[in-house]
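[1] okay, sequence plus prediction incoming.
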Protein chains: 2
Amino acid sequence: MAAVVHRARDAFEALGDPTRRSLFERLATGPMAVGDLAAGAAVSRPAVSQHLKVLEEAQLVTKTAVGARHIYRIDPRGIGAVRDKLDAWHGTAMAAFQAFADAEHEKDEALK
Amino acid sequence: MAAVVHRARDAFEALGDPTRRSLFERLATGPMAVGDLAAGAAVSRPAVSQHLKVLEEAQLVTKTAVGARHIYRIDPRGIGAVRDKLDAWHGTAMAAFQAFADAEHEKDEALK
DNA sequence: CAAGTCCGTAAGTCAATACTAACAGTAAGT
DNA sequence: ACTTACTGTTAGTATTGACTTACGGACTTG
């Protein structure tokens, strides 16, 4: 058992770190190996590996080994999940605003 | 000049923290004063104030003082900006995948 | 004007975490 | 089998940042 103790980080926490977001952004342009990613990054290769692990745990990227190289690519489902949550927030916020506006209008009517 | 010294935190970093995301999520249900937010939060009121400041800097919420109370509400533009970036990533990722698929298909054709 | 509310800020502490260096494992080539 | 290339993991350090306590300013009500 035991498994990993690491607190499973969600997508928002994963995208919170600038370095990770930079890696994710570069992966959006196309699949890439760890070494290539590290070459363009401002941090060491092990750091890139650790960040990729976090992104993978957050289901934002997927890994496929081809030979000795590990190719990372974006997992569309991860982006979708984040977008859905944003849409939900936006929806409830708009609904709340609408309810508020309606109530204001109601008061105006009452004053006529 | 001088402006703000604080390293301007963007929306992703702001939403990265679970406490802040919780506050933001509650604000999505409607505008609320600091005290009310702090009452339902797991941290102290000053902590809530600090988080609200970060959310405000990230343009995710706006503040309006009514009497001695400060009412915070969601800034739709903030959500929109985040969503736009997600859409852009999704778009380029899809385009990259399509280009890859086309290239593969091209190779298959060449082998015929 | 005094007292009570409501909120933001400053200072300081402590835990989370991002980073590097060193090591270990896996795959391909000679 | 040995070497080289590519990557993941571990250990340890240092920095970031989230939190509380204490304080001060702004507003309202008696």
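    Sure, I can see it. Nothing here was measured: the structure is a model prediction, and the numbers come from that model. Numbering: from 1, shown residues only, chains lettered A, B, ... in the order given.

[2] residue A:48 versus the residue in chain A positioned nearest to DNA strand D, what's the distance?
    Nearest residue of chain A to DNA strand D: residue A:35, at 2.5 Å (Cβ to the nearest atom of the strand). No exception for glycine: its C-beta is placed from N, CA and C like everyone else's. Noted for residue A:35: a distance of 9 Å to residue A:48, by Cβ to Cβ, to the nearest Å.

[3] before we move on, back to that, the residue of chain A closest to DNA strand D contacts residue A:69, correct?
    Yes. Between residue A:35 and residue A:69 there is a contact under Cβ atoms under 8 Å: 7.4 Å.

[4] now name the helix or strand holding the residue of chain A closest to DNA strand D.
    Assigned by DSSP states H and E, residue A:35 belongs to helix A:34-40.

[5] how about residue A:65?
    Residue A:65 belongs to strand A:61-66 when assigned by DSSP H and E.

[6] that strand and DNA strand D, are they touching?
    Yes. Strand A:61-66 lies within reach of DNA strand D by Cβ under 7 Å from any atom of the strand, at residue A:63.

[7] in that strand, what counts as buried?
    Within strand A:61-66, the residues scored as buried using 16 or more other Cβ atoms under 10 Å in any protein chain shown are A:61-62.

[8] stretch A:22-33 too?
    So for stretch A:22-33, counting by 16+ other Cβ under 10 Å, buried means A:22-24, A:27-28, A:31-32.
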